[in-house]
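[1] Sequence first, then the predicted structure:
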Amino acid sequence: MAEPLLFIPGHMQDARAFLPQMVALGAGRSVQVFTCDADSVERLSEQALAGAPTRFAVIGHGLGGNVALDILRRAPERISRIVLLATDPLSEAPQVAAAREARMVAARAGRLKQAIAEDVPDAALADTPDREALKLLLRDMAYGLGEGVYLRQCKALQRRPDQQKTLRRTLLPALFIVGEMDTVVPVRRQEFARDLMPNSALRVIAGAGHLPMLEEPEAVTEAIATFLSDPMILR
């Protein structure tokens, strides 16, 4: 059997965030999902490793990508390949952390719906007939996880470490996937991260924003499947 896959959904997401990819790629592989629930990326990576296979490919979105990078920093020998979607490898900028703090205040006051809407505004998603359905799915995943998880994940994002050194010293194959219309982690930030890694490639998904795995699931699945089966990395 091919290498196992560990999916790590992003901020306030559960396994449904990667459902199309898990269904398509899980036919010939073991698939696991790790849902983030701790207030630091380092603690999350430790928890993820504790339940992961001995060696695996990891696929993370947003906060899940930050956790995947910290797994790579902590135990590079355990990872065969890494796929990062909408992942910012830098520590959170002070102004972004301050804006996140305001959303945390709203969540504590019972306005989790407002906080989620501000985390992923309409402009961060492609303007398609499916956008309203995706917003409802985001809200449903967030409500399922709850205010406590929201606050802990926000703290993890605010305190996340800068992983530029991890990117530079990594020789294993890496794939960055970004929606061309993503305003949360735009294409230029993913290009910057790609350029730091020697054996990496970037796939820009047309017609997608911050949630390319749900906005254009077939394109993302094809990109990941090709990457997992291809021994070469071509820029």
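    It's in. Numbers count the residues shown, from 1 in each chain.
[2] count of neighbours near Ala206?
    11 (other C-beta atoms under 10 Å). C-beta coordinates here come from the backbone N, C-alpha and C atoms, glycine included.
[3] what about it, distance to Ala2?
    From Ala206 across to Ala2, the span is 28 Å (C-beta to C-beta, to the nearest Å).
[4] List the contacts of the residue nearest the centre of the chain.
    Nearest residue to the geometric centre of the chain (C-alpha atoms, centre = their mean): His61, 1.0 Å. Neighbouring residues of His61 by C-beta atoms under 8 Å, 6 or more residues apart in numbering: Ile8, Pro9, Gly10, Gln13, Ala17, Phe18, Leu85, Ala86, Thr87, Leu211, Met213.
[5] And the fifth one, how far from Pro173?
    In this structure, Ala17 lies at 23 Å from Pro173, with C-beta to C-beta as the measure.
[6] Also the second one?
    Computed as C-beta to C-beta, the Pro9 to Pro173 distance reads 22 Å.
[7] for the first one, same thing?
    Relative to Pro173, Ile8 is positioned 18 Å away (C-beta to C-beta).
[8] between the two, who's got more neighbours?
    Neighbour totals were compared for Ile8 and Pro173, and Ile8 leads with 28 against 22 (other C-beta under 10 Å).
[9] my guess is Gln32 contacts Ala50, does it?
    No. Using C-beta atoms under 8 Å, Gln32 makes no contact with Ala50, being 11.8 Å away.
[10] With neighbour numbers in mind, choose between those two.
    More crowded of Gln32 and Ala50, by other C-beta under 10 Å: Gln32, with 18 against 8.
[11] Can you list the helices and strands that the helix or strand harbouring that one packs against?
    Using DSSP states H and E, Gln32 falls within strand 31-33. The contact analysis (3 or more C-beta pairs under 8 Å, 6 or more residues apart in numbering; DSSP states H and E) places strand 31-33 against strand 5-8, helix 19-25.
[12] Arrange the ones you listed in TSV, one row each, with distance to Ser200 and mean pLDDT as further columns.
    Shown next, in TSV, are those (distance: least, C-beta to C-beta, whole Å; pLDDT from 0 to 100):
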stretch	distance to Ser200	mean pLDDT
strand 5-8	18	98
helix 19-25	19	96
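[13] So which residues of this protein form helices?
    19-25, 41-51, 63-74, 94-108, 112-119, 131-158, 164-169, 187-196, 212-215, 217-229 (DSSP state H).
[14] Same list (those) but as CSV, adding distance to Ile177.
    Below are the helices of the chain laid out as CSV (distance: least, C-beta to C-beta, whole Å):
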stretch, distance to Ile177
helix 19-25, 11
helix 41-51, 20
helix 63-74, 10
helix 94-108, 22
helix 112-119, 20
helix 131-158, 17
helix 164-169, 16
helix 187-196, 8
helix 212-215, 6
helix 217-229, 6
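[15] And those helices: which comes nearest Val178?
    Of all the helices of the chain, helix 187-196 sits nearest to Val178, with 4.2 Å by C-beta to C-beta.
[16] what does the closest one contact?
    Residues from elsewhere that reach helix 187-196 (C-beta under 8 Å, 6+ apart): 84, 86-90, 164, 167-168, 174, 176, 178, 180, 200-202, 204, 235.
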